[in-house]
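**Q** any chance you could fold what I've pasted below:
(one chain, ligands or ions: 1)
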Amino acid sequence: MITFEGAAKIYPDGTVAVAGLDLTVETGRTTVFVGPSGSGKTTSLRMINRMVEPTHGTIRIDGADIRDQDPALLRRSIGYVIQQAGLFPHRTILDNIATVPLLLGWNRRKARARAAELMELVGLEASQAKRYPHQLSGGQQQRVGVARALAADPPVLLMDEPFSAVDPVVRAGLQEELLRLQQELHKTIVFVTHDIDEAVRLGDRIAVFRPGGELAQYDAPEHLLARPVDDFVESFVGYDRGVRRLSFFPARQLSLRQDVVFDTEDRVERARDVVEGDGEPWVLVVDENRTPLGWVDAAQLIDKPAGLTLGTLEMAPYGHTFDVATDSLRAALDAAVLSPAGRAVGVDDEGAVLGVVSQEDLGAAIWSVSE
Ligand SMILES: Nc1ncnc2c1ncn2[C@@H]1O[C@H](COP(=O)(O)OP(=O)(O)OP(=O)(O)O)[C@@H](O)[C@H]1O
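**A** Model prediction:
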């Protein structure tokens with residue numbers, strides 16, 4: 001646990017970088033500091049490893065005042081990752097990663113073995129070990145930066161805009177990787193970004209800073225999106241927050257209809273009975289593996305002769321599906337919006353249809369999680 005108790009940084013020229021921060025960073029969780037440029041995020045982060053000394057207040061790690069610890073030793077127990085990785089250009093990838101273990105006095109063999117292990121953990125090829133940083137892509141360099149920060153297995157990891165210099169696709173991959181690593185490692189991560197989407201994706205808790213180095217709100221991401229405390233936070237999180245918040249609720253809570261799912265050999269009169277029963281305007285046709293083929297408009301069924309099979313009818317594309325077990329309500333909503341039938345198709349992890357969600361059921365589920 002890291003606690004800021006009235007921690008402030010006021011520079012001699014009078015600039016208030018951080019104005020009296022009170023905040024607790026939970027152990028084993030990811031806390032994101034987010035806010036506009038100049039709001040004091042980096043200064044707050046650097047106060048944790050004493051790269052910046054507060055002018056007021058106290059910071060403790062697990063109860064111990066960090067002022068009582070030697071800054072160099074403190075930093076070796078805290079991993080630090082920065083934008084563009086900050087690698088040593090004349091050291092190989094393996095030696096870059098082994099830096100802190102060597103500083104801690106490990107012998108070279110053990111340090112390199114640990115570095116090789118970490119390369120694998122962060123998704124780097126062993127063949128890259130002997131390369132130099134300039135021979136790697138930006139995304140790969142960031143992975144090296146993360147591996148280096150993890151080398152001595154520090155309980156705390158500070159990350160200062162680590163992914164902001166790479167393109168959006170690589171960035172999404174690195175975020176995914178960090179989530180996976182964190183599930184395995186349970187580090188106490190403090191992550192700085194000015195991108196609210198990155199914050200919402202990665203953070204267990206999010207601290208929103210406002211200009212003047214003040215903490216505007218400290219909350220779980222779903223609460224931040226549901227209840228921004230004021231106009232500043234509301235405009236900072238963005239106005240589509242209602243829809244974005246749906247990504248925190250699982251799609252598995254939706255009720256799925258199976259009675260409107262038919263296979264190609266089913267006869268039109270069977271489908272007609274169902275749609276006439278409750279006025280459902282579309283039925284979904286699947287193949288023998290229950291892979292979706294397309295939607296049949298119920299109007300088409302009215303005057304078709306009995307005995308005709310559904311596979312012979314014209315179908316509208318089913319759009320895209322959502323995975324019932326792993327996707328969120330947001331993914332289901334997106335699937336419904338993009339479907340010509342306005343209905344979402346739920347599948348299992350092999351792509352087989354489990355059922356479809358009607359607009360009414362989707363609306364009811366969204367309503368039930370709204371506040
Ligand atoms: N050495 C310094 N002397 C005076 N002011 C400083 C000094 N270092 C930082 N500041 C000021 O402190 C404020 C907070 O800076 P900080 O880097 O913490 O902001 P930030 O939220 O991380 O911004 P960014 O997203 O742009 O990195 C800024 O106004 C900055 O100009």
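**Q** would you check the distance separating stretch 264-271 from the middle of the chain?
**A** Once both centres are worked out by C-alpha atoms, centre = their mean, to the nearest Å, stretch 264-271 turns out to sit 43 Å from its chain's centre.
**Q** what's that stretch in contact with?
**A** With C-beta atoms under 8 Å, 6 or more residues apart in numbering as the test, stretch 264-271 has contacts from 262, 283, 285-288, 293, 296, 298, 301, 304-311, 313. C-betas here are computed from N, CA, C, even on glycine.
**Q** in it, what counts as buried?
**A** Neighbour counts over stretch 264-271 (16 or more other C-beta atoms under 10 Å) mark 266, 268, 271 as buried.
**Q** output those residues as JSON lines; include the columns distance to residue 151 and pLDDT.
**A** Converted to JSON lines, those look like this (distance: C-beta to C-beta, whole Å; pLDDT from 0 to 100):
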{"residue": "266", "distance to residue 151": "60", "pLDDT": "93"}
{"residue": "268", "distance to residue 151": "65", "pLDDT": "91"}
{"residue": "271", "distance to residue 151": "61", "pLDDT": "91"}
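**Q** which of those residues fall within helices?
**A** With helices taken from DSSP state H, the overlap with the buried residues of stretch 264-271 comprises 268, 271.
**Q** packing partners for the strand or helix carrying residue 295?
**A** Using DSSP states H and E, residue 295 sits within strand 292-297. Contacts defined by 3 or more C-beta pairs under 8 Å, 6 or more residues apart in numbering; DSSP states H and E place strand 292-297 against strand 282-286.
**Q** packing partners of the strand it packs on?
**A** Packing partners of strand 282-286 (3+ C-beta pairs under 8 Å, 6+ apart): strand 261-263, helix 268-278, strand 292-297, strand 353-357.
**Q** closest one to residue 254 among the ones you listed?
**A** Nearest to residue 254 among the helices and strands packed on strand 282-286 is strand 353-357; the distance by C-beta to C-beta comes to 5.0 Å.
**Q** so where's the chain shaky on pLDDT?
**A** Filtered on pLDDT under 70, the chain yields the residue ranges 84-85, 370-371.
**Q** mind redoing it with 80?
**A** Along the chain, segments meeting pLDDT under 80 span 83-86, 104, 152, 165-170, 239, 278, 369-371.
**Q** how about the residues of it by the ligand?
**A** Within reach of the ligand by C-beta under 6 Å from any ligand atom, the chain has these residues: 11, 13, 15, 17, 35, 37-43, 194.
**Q** so which of these are in strands?
**A** The strands, defined by DSSP state E, take in residue 17 from those.
**Q** where do the helices sit along the stretch 101-250 of the chain?
**A** Assigned helices in the stretch 101-250 of the chain, in chain order: 108-121, 138-150, 168-185, 196-202, 221-226, 231-237, 241-245 (criterion: DSSP state H, counting those that start in this stretch).
**Q** right, and residue 275 touches residue 296 too?
**A** No - applying C-beta atoms under 8 Å, one finds residue 275 not in contact with residue 296, separated by 9.4 Å.
**Q** who touches both of those two?
**A** With C-beta under 8 Å, 6+ apart, residue 275 and residue 296 have common neighbours residue 283.
**Q** who has more neighbours out of the two?
**A** Higher neighbour count among residue 275 and residue 296: residue 296, with 25 against 20, using other C-beta atoms under 10 Å.
**Q** partner residues bridging the more buried one?
**A** Note on residue 296: beta-bridge partners by DSSP bridges are residue 283.
**Q** contacts only, for it.
**A** By C-beta under 8 Å, 6+ apart, the contact list for residue 296 reads 271, 282-285, 310, 313-316.
**Q** can you say which of the helices and strands packed on strand 282-286 is nearest to residue 206?
**A** Residue 206 lies closest, by C-beta to C-beta, to one member of the helices and strands packed on strand 282-286: strand 353-357, at 30.0 Å.
**Q** so that closest one versus strand 292-297, what angle?
**A** Strand 353-357 runs at 30 degrees relative to strand 292-297, counting by axes from the mean of the first three to the mean of the last three C-alpha atoms, to 10 degrees.
**Q** tell me the angle strand 353-357 makes with strand 282-286.
**A** Counting by the same axes, to 10 degrees, strand 353-357 lies at 170 degrees to strand 282-286.
**Q** list the buried residues of stretch 350-367.
**A** Within stretch 350-367, the residues that count as buried by 16+ other C-beta under 10 Å are 353-358, 361-362, 365-366.
**Q** in TSV: these, plus distance to residue 189.
**A** As requested, these are exported to TSV (distance: C-beta to C-beta, whole Å):
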residue	distance to residue 189
353	39
354	35
355	38
356	39
357	35
358	41
361	37
362	34
365	32
366	31
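**Q** closest to the ligand among those?
**A** The nearest member of these to the ligand, counting by C-beta to the nearest ligand atom, is residue 366 at 33.9 Å.
**Q** can you tell me the helix or strand for the closest one?
**A** helix 359-369.
**Q** distance check, the residue in the stretch 151-300 of the chain that the ligand sits nearest to against residue 222.
**A** Relative to the ligand, the nearest point of the stretch 151-300 of the chain is residue 194 (4.8 Å; C-beta to the nearest ligand atom). Separation of residue 194 from residue 222 (C-beta to C-beta, to the nearest Å): 21 Å.
**Q** what does residue 264 give?
**A** Distance from residue 264 to residue 222, by C-beta to C-beta: 42 Å.
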